[in-house]
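Student: quick one: sequence plus predicted model below, questions after.
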Amino acid sequence: MSNEELFNKETFAFLLDKAKGDRSINQYANETSVSAAHISRFLRQMIGSPPTPETISKFAENAANDVSYRDLMIAAGYISEESKRENDSPRTRRKLAEEMEKRFFQVILSELYSKDFQWSIQKPEKRRPFPDLTIEINHDGYKRWYLEFKGSFNDRPVASPLPIHLLYAQIATMELLPTDKFTIALNDEKLYQRILKKPPVTLRANLYLMLVDLEEGKIVREEKLSDFDFKGPCQ
C-alpha cells in the first residue's frame, strides 16, 4: 500500500492545526520555513499526498500542544498503526523507560565523578520507588540529593507520567530537611521552560530543575525553583 493510500488527510489536518496552535498560518510558516500556502492546503485537506519526512520534521520542531514528529508521521502514513501498537506495548514502554533512566544515571554519575566533594549512592528501598535516585553528598550545605527523572526517549514520554503539580504534591509528602536537595531532571527543553514559568508557590523544599542532553551526555543547566524556608518561587 502506498503512502498516498495510508495518508490520513483528516487526522493530519487536525494534528497540523493543533501543532500550529494560536499562531496564524503566516507566523507558523515563518517559524517552520514551509510556505503558508502549502500549510493552508494541508489544513484544508486539498493535497492527496503526504508531506515529506523533512517537511514533517519542520512542523514538529516548532509544534505547539505537544504534537510530536511521530504523531505526524503516523497520520502521514510513514509509520503503520501496527507498528504504533507494538511500540506502545507495556513491554516496549518499560524498555524505553529503563533505557532513558540508564542514560540519566550515566550523565549524573559522570558529573559527580568530575567533582571533588564526597558522595555516595544510597541503595533504593523496594517499598519506595520514588524518587529515582538518592545520593549522599557533602556540598553547598546539602547532605542528601534526591533526583526524579521526567522526560522522553526517542520523542516519546516514557517516565514519571505524573503531571507536574502531582509531582510537587508527592514531593511535599516527603520529610525533607533544610540540608536536602531535590532535583527534577528533564531532557525536554519545552517542558523545562514551561515548568520554569510556573514554579511551585508554597512547596517547602530546596527544589531544582535540571535540563539534561541525553544524546550529548551532559547537564545543560540547573536552576532553583523553590527554597525550604518558604521564600517562595526563586527568580
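Tutor: Done, it's in.
Student: drop to CA atoms for contacts and neighbour counts, all remaining ones
Tutor: OK.
Student: where do the helices sit along the protein?
Tutor: 3-6, 9-20, 25-32, 36-43, 53-61, 69-76, 81-87, 90-113, 164-172, 189-197 (DSSP state H).
Student: dump those helices to JSON lines, plus distance to residue 135.
Tutor: Below are the helices of the chain laid out as JSON lines (distance: least, Cα to Cα, whole Å):
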{"stretch": "helix 3-6", "distance to residue 135": "50"}
{"stretch": "helix 9-20", "distance to residue 135": "39"}
{"stretch": "helix 25-32", "distance to residue 135": "42"}
{"stretch": "helix 36-43", "distance to residue 135": "49"}
{"stretch": "helix 53-61", "distance to residue 135": "35"}
{"stretch": "helix 69-76", "distance to residue 135": "36"}
{"stretch": "helix 81-87", "distance to residue 135": "33"}
{"stretch": "helix 90-113", "distance to residue 135": "10"}
{"stretch": "helix 164-172", "distance to residue 135": "16"}
{"stretch": "helix 189-197", "distance to residue 135": "23"}
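Student: adding mean pLDDT, write the ones you listed out as TSV.
Tutor: Formatted as TSV, the helices of the chain follow (pLDDT from 0 to 100):
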stretch	mean pLDDT
helix 3-6	64
helix 9-20	94
helix 25-32	95
helix 36-43	96
helix 53-61	90
helix 69-76	88
helix 81-87	52
helix 90-113	82
helix 164-172	88
helix 189-197	87
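Student: check contacts around residue 71.
Tutor: Contacts for residue 71 were tallied using Cα atoms under 8 Å, 6 or more residues apart in numbering; they are residue 15.
Student: and it, how far from residue 43?
Tutor: Remark: distance between residue 71 and residue 43 (Cα to Cα, to the nearest Å) = 16 Å.
Student: same question, residue 17
Tutor: 7 Å.
Student: start to end distance for stretch 41-50?
Tutor: The first residue of stretch 41-50 is 11 Å away from its last residue (Cα to Cα).
Student: same check on stretch 204-216?
Tutor: Note: stretch 204-216 ends 33 Å apart using Cα to Cα.
Student: may I see the buried residues of it?
Tutor: Residues 204, 205, 206, 207, 208, 209, 210, 211, 212, 213, 214 are the ones in stretch 204-216 that count as buried (16 or more other Cα atoms under 10 Å).
Student: nearest residue to the last one other than its sequence neighbours?
Tutor: In other words, residue 214. Leaving aside its sequence neighbours, residue 214 sits nearest to residue 103 (Cα to Cα, 6 or more residues apart in numbering; 6.2 Å).
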